[in-house]
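Undergrad: Here is a sequence with its predicted model. Questions after.
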Amino acid sequence: MAQLELHVVKKNSIDRGMDSARGFVRALYLLCAALLALAAAPAAAQLTIEITGAGEKRLPVAIVPLAGEGVLPASISSIVRADLERSGLFRGIEIPLLRPHPTEVSKVDYAEWRARLADALVLGSVAARPDGRFEVRFRLFDVVKQAALGGVAYTLTREQARATAHRIADYVYEKLTGEKGVFSTKIAFVVKRGTIFELQIADADGENGFFVLRSNEPILSPVWSPDGNQLAYVSFEQKKPIVYVHSLRDGRRRVAANFKGSNSAPAWSPDGNTLAVSLSREGGSQLFLLNPDGSNVRRLTRSSAIDTEPRFSPDGQFLYFTSDRGGTPQVYRMPVAGGGAQRVTFEGSYNVSPRLSPDGRRLAFIHRNNDRYQVALFDLETRQMQILTDSARDESPSFAPNGRMILLATVIGGRGVLSAVSADGRVKQRLSVTAGDVREPAWGPFIQ
Amino acid sequence: MRVFWIAVLCALLAACAGTATEQSPAGVEDRKPGAEARGTEGGGPGSVDLTGKRGASMLTDPASPLSKRSIFYDFDKYDVKPEYRPLVDAHARYLREHPEMKTLIQGNTDERGSREYNIALGQRRSDGVKKMMILLGVREEQVEAVSLGEEKPRAQGSSEDAWAQNRRSDILYKGEY
């Protein structure tokens, strides 16, 4: 876009007969282009989230602007409201200008809030502290039951305004739904722009994106360590797939698996001490376990088929993986300690990329449905399968740590975008970047 | 001593293959005519170094069967079709005659399906070529079979034609990857 505009500027200049000044214009043009490139380069692509489907019944909540929140660089109340609405379970109600402006210590007129059709209410305040930091206080009320549900006070720096808002949203979400919120979590994904690949991390609302690794060669299959401090992924920087473990604290990278042949599909054990990978070093693609530092390599599967895409069950006892040992790629399960594999999926001729829900009860995977590749959710108890999306090229499903949403990669209008769908298929969001393909999402863990 | 024999062999092979006029593709060392008389390191004014470089040129000379590097596959298939057997055979012969040479076979798939599963499918394709080479007498240490899955498509787009071009194994030699 920027370049297009510059071309127009240049053309006009020449049209006006400024031939003598052409050199100067060209220099100016180059300078502008360089400045624009500089301005554009350091920022990671901004992920924008668009809600494309919401829950059937959304709880109306009133998030009143916190008294004095203007001193912070981000509007706490707007972020809390946006977070809650993005979940598909809440609807923020419009609030008129209130005088006097209520705070967490104000006496609540429940009848008045009931008349505004709010089921829940958040009031709070922000104050600057003498040490340059700030204090944010809030209280949550159940308007229907006419009861205070609790509140928290946070001390924060100016830079922590957004993070604090996400924590408030998590608090409200948990109090009202009974399950943990994921607004303070992060997501990792790969952006391809031109010939450049970037492994990026952003907040769950798409803000604060930055790149962890930028490369001229493909990056795929990022997976978070259970503590959220490391990412394992596959990088082609040595012209073949190699598994790396990347520390997010200091940027230190370690090769976890670089054997002869291909090294791919890393998965962390729940205790963070073991990686499962698919290696071709002994021919074929077979599952191996190793320590994240690359030591203690042991082979797990011995088949003449493809065995790949391992995932640990949350209890660490089983590995779910993709194998074509039965003729078509299907999901199998085997004990991590070794032993026979059991087939898990039977419906259709292509079921790949298994991902366990955090409670271990459901399995998300990619199911080929005629010629469409879609995210399916399989209940491991009832053996019922449900297709959650209506797109055609879904890949890489990733559960939110509370199990409510599944993030996935798909293609819309020829471009790679991320999409999120609730486990009941109702809530839908689309996450895209301008001028780039997004793919390979991985939802990070809860951070303590 | 070994280097000497390699040099002689390379020189003979290069003579058979004709003059090298092809420019090296990106990533391959400089081997312009006359470059061999210089010797990049450890050589003197009178030294001649033909190792690798002359041998490599016959790998890229369009007249040589060794310049053909790609094996294409049908959808969901990984067997080397009969029409590509002479190609694999030529490379196997070359590797047998040049035990110092190493090759990397990269398996590729079209864009459909899971990226990781496609890595495994591409591996099956490159493994197939490697197995065939080993059966033809190439030493295990000379061949590495890897997969690029769907990540490095030669043809862009989502047409049947693009997919057919991307279901492929490529044979590369040291210096080309």
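TA: Happy to help now that I have it.
Undergrad: Of all the helices and strands in chain B, which has the lowest average confidence?
TA: The helix or strand of chain B with the poorest confidence is helix B:35-38; it has a mean of 39 (mean pLDDT, DSSP states H and E).
Undergrad: Tell me the residues on chain A that lie near chain B, please.
TA: A:218, A:220-221, A:234, A:236, A:239-241, A:260-262, A:264-265, A:278, A:280, A:283-285, A:306-309, A:322, A:329, A:350, A:352-353, A:366, A:368, A:373, A:395-396, A:440 (CB under 8 Å from any CB of the partner chain). Backbone N, C-alpha and C define where each C-beta goes, glycine included.
Undergrad: Now go through those and say which are in strands.
TA: Secondary structure from DSSP state E places A:220-221, A:234, A:264-265, A:278, A:307-309, A:322, A:352-353, A:366, A:368, A:373, A:395-396, A:440 of the residues of chain A next to chain B in strands.
Undergrad: Now list the buried members of the residues of chain A next to chain B.
TA: A:218, A:220-221, A:234, A:236, A:239-241, A:260-262, A:264-265, A:278, A:280, A:284-285, A:306-309, A:322, A:329, A:350, A:352-353, A:366, A:368, A:373, A:395-396, A:440 (16 or more other CB atoms under 10 Å in any protein chain shown).
Undergrad: quick one: contacts for the nearest residue to residue A:51 once chain neighbours are set aside?
TA: Nearest residue to residue A:51, sequence neighbours excluded (CB to CB, 6 or more residues apart in numbering or on different chains): residue A:429, at 5.4 Å. The contact partners of residue A:429, by CB atoms under 8 Å, 6 or more residues apart in numbering or on different chains, come to A:49-53, A:86, A:419-421.
Undergrad: Looking at those, which are in helices?
TA: residue A:86 (DSSP state H).
Undergrad: List just the nearest of the contacts of residue A:429 to chain B.
TA: residue A:419 (16.3 Å; CB to the nearest CB).
Undergrad: bridging residues for that closest one?
TA: With DSSP bridges as the criterion, residue A:419 is bridged to residue A:408, residue A:430.
Undergrad: Would you agree it is in contact with residue A:390?
TA: No. Using CB atoms under 8 Å, residue A:419 makes no contact with residue A:390, being 10.4 Å away.
Undergrad: Mind checking which of these two has more residues around it?
TA: More crowded of residue A:419 and residue A:390, by other CB atoms under 10 Å in any protein chain shown: residue A:419, with 23 against 11.
Undergrad: part of a strand, is residue B:116?
TA: No. Per DSSP: H, G, I helix; E, B strand; the rest coil, residue B:116 lies outside any strand segment and is helix.
Undergrad: Distance check, it against residue A:302.
TA: Counting by CB to CB, to the nearest Å, the gap between residue B:116 and residue A:302 amounts to 20 Å.
Undergrad: and the two? which has more neighbours close in?
TA: residue B:116 (27 against 11).
Undergrad: so the more buried one makes contact with residue A:264?
TA: Yes. Assessed by CB under 8 Å, residue B:116 is found in contact with residue A:264 at 6.0 Å.
Undergrad: any shared contact partners between the two?
TA: A:220-221, A:278, A:308.
Undergrad: Show me where the stretch 301-448 of chain A has its helices.
TA: Here the stretch 301-448 of chain A has no helices by DSSP state H, counting those that start in this stretch.
Undergrad: Also the stretch 101-250 of chain A?
TA: So, for the stretch 101-250 of chain A - with DSSP H, counting those that start in this stretch - the helices run A:110-115, A:161-177.
Undergrad: again, but for chain B
TA: B:2-17, B:35-38, B:53-60, B:85-97, B:115-135, B:160-166.
Undergrad: Quickly, which of these bottoms out on average pLDDT?
TA: The stretch with the lowest average pLDDT out of these is helix B:35-38, scoring a mean of 39.
Undergrad: ok, back up a step: single out the most deeply packed of the helices of the stretch 101-250 of chain A.
TA: helix A:161-177 (a mean of 21; mean count of other CB atoms under 10 Å in any protein chain shown).
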